[in-house]
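In: Build me a structure from this.
(one chain, ligands or ions: 1)
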Amino acid sequence: MPEGDTIFRTARSLGRALTGKPITAFRSTYPLLTRCNDDAPLVGQTVVNVESRGKWLLIHFSGGATLATHMLMSGSWHIYRHGQPWQQPRANLRIAIENVEFVAVGFRVPVAEMHSAQSLARHKKIPRLENDVLSPSFDAEAAVQRLTACGKEAIADALLDQRVLAGVGNVFKSETCFVAGIHPFAPVASLTREQVQTAVATAQKLVAANVLEDSPDQIVTYRGVDRRTTHDSDPGANLWVYGREGQPCRRCGEPIQRQLQGTNARVTFWCPRCQTMPGD
Ligand SMILES: [Zn+2]
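Out: Next up is the predicted model:
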C-alpha cells in the first residue's frame, strides 16, 4: 500500500498537470462517477487543486465537487501528454481527466467517490486536513492528544490509525518508533507526554523529508556514510530498521527483530536494545 508520502507526491504531480486548466474530457468505468458527470458535467470546469489526505487523493473541481480516490494496493494515477504511450493497458483505465495538454489516468483505482463539500466533511474515512502530517495546517498538539487517547493500544498500531495521524504507513511506523527510541509494542498509556510528542514530531519529520522535490522514489530515513555495502535490491538499505530483520542495528549492533503486530498483523521491526519497554 502506498504511504502518505507517495500519495502526496502523486497529488503534487497531478496538481501541476491539472490545476487551473479547463477540463476537456472526463470518462470513467464507474457508473456512479459517470452519472455525477452527466448531472454536472466536468468538461468546462477547472481543477481547483489536488491534495492528499493520508492515503486519499482529492481532486477539487470548480463546480464544487470533489473526486476522492484511494489506491489501496493496486491503483495508481499516471499523467501523460496526448499521444504519449501508456504504461498500462487501456483495460486498466478506471478514470481519465483530460485538458489540452495532459491526460491524467487512474489505473485500477479501486475506490473512487464524487463528493460535495458537505459529504466530504461528513466522510468518516477521509482524514481531516489538520490530521495529515504533510498538511501545512497539521496540528501537532491535537495529534498528541488523539494519540494519548489511544491508551492501552500499542504505539505502533496507534501511529498507523489514519484517524489519529494521517499519512503514516507501515514503513514510517517502524522507522518513527526507532528514531524516537520507543518500543513499538509499548502501550501509549505507558509513555510520557514527552515521548508521545517526540513520536508525533518524528513521524512528521520523516514523512516530510520524503516528499522533497529531489526525494527518490524509495523511502529514505537513514543516510549512512558508507554506502558501498548497500544495494538497491535491499529494501532496508536506506532505512533504520524496516526490512532489516537479523541485521545489526545501525546504532548499537544488536540484531533487528521482526514481528507481526496488531489486529491487521502488520509487520513491525525494531531494535531490542535501543527501544526498550517503559519499566524495563
Ligand atoms: Zn540498537
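In: all contacts plus neighbour counts: C-alpha atoms, from now on.
Out: OK.
In: and the chain, which of its residues are near the ion?
Out: The chain comes close to the ion at residues Cys249, Arg251, Cys252, Cys271, Arg273, Cys274, as judged by Cα under 5 Å from the ion.
In: hmm, 6 Å instead?
Out: When proximity is defined by Cα under 6 Å from the ion, the chain lies next to the ion at Cys249, Arg251, Cys252, Gly253, Glu254, Cys271, Arg273, Cys274.
In: show me where the stretch 51-200 of the chain has helices.
Out: 117-122, 140-148, 155-160, 170-180, 193-209 (DSSP state H, counting those that start in this stretch).
In: Need the residues that contact the second one.
Out: Contact with helix 140-148 is made by Asn131, Ala158, Leu159, Val164, Leu165, Val188, Ala189, Arg193, Val196, Gln197, Val200, Ala201, as judged by Cα atoms under 8 Å, 6 or more residues apart in numbering.
In: Am I right that Ala17 is in contact with Phe102?
Out: Yes - Ala17 is within contact range of Phe102, at 6.5 Å (criterion: Cα atoms under 8 Å).
In: Drop anything exposed from the residues of the chain next to the ion.
Out: Cys249, Cys271, Arg273, Cys274 (16 or more other Cα atoms under 10 Å).
In: one step back: I'd like the residues of the chain next to the ion as TSV, with secondary structure appended.
Out: Shown next, in TSV, are the residues of the chain next to the ion (DSSP: H, G, I helix; E, B strand; the rest coil):
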residue	secondary structure
Cys249	coil
Arg251	coil
Cys252	coil
Gly253	coil
Glu254	coil
Cys271	coil
Arg273	coil
Cys274	coil
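In: Quick one: low-confidence residue ranges for the stretch 1-150 of the chain.
Out: 1-2 (pLDDT under 70).
In: who's in contact with the closest residue to the ion within the stretch 51-200 of the chain?
Out: Closest contact between the stretch 51-200 of the chain and the ion, by Cα to the ion, is at Phe178 (8.4 Å). Contacts for Phe178 (Cα under 8 Å, 6+ apart) come out as Trp240, Val241, Trp270, Cys271, Cys274, Gln275.
In: hey, what's the third one bridged with?
Out: The residues paired with Trp270 through beta bridges, assigned by DSSP bridges, are Gln257.
In: show me what contacts it?
Out: Trp270 neighbours (Cα under 8 Å, 6+ apart): Ser174, Cys177, Phe178, His183, Pro184, Val241, Tyr242, Ile256, Gln257, Arg258.
In: Just give me the neighbour total for the first one.
Out: This points to Ser174. Neighbour count for Ser174, taken as other Cα atoms under 10 Å: 31.
In: Not counting residues beside it along the chain, what's closest to Gly4?
Out: Gly167 (3.9 Å; Cα to Cα, 6 or more residues apart in numbering).
In: Wait, the one you found touches Arg9, no?
Out: No - contact criterion Cα under 8 Å: Gly167 and Arg9 do not qualify, at 11.9 Å.
In: out of those two, which sits in the busier spot?
Out: Ranked by neighbour count (other Cα under 10 Å), Gly167 and Arg9 place Gly167 first, with 34 against 19.
In: For Val43, see how far away the more buried one is.
Out: Distance of Gly167 to Val43, computed by Cα to Cα, to the nearest Å: 31 Å.
In: residue contacts, the single nearest residue of the stretch 101-250 of the chain relative to the ion?
Out: Across the stretch 101-250 of the chain, no residue is closer to the ion than Cys249, which sits at 4.6 Å (Cα to the ion). Applying Cα under 8 Å, 6+ apart to Cys249 gives the contacts Trp240, Val241, Pro255, Ile256, Cys271.
In: Also Ala149?
Out: No contacts exist for Ala149 under Cα under 8 Å, 6+ apart.
In: Helix, strand or coil: sort out Tyr222 for me.
Out: coil.
In: bridging residues for Val105?
Out: His78, Ala96.
In: same question, Glu51
Out: Leu58.
In: Verify the stated contact: it with Thr66.
Out: No - using Cα under 8 Å, Glu51 is not in contact with Thr66; the gap is 10.5 Å.
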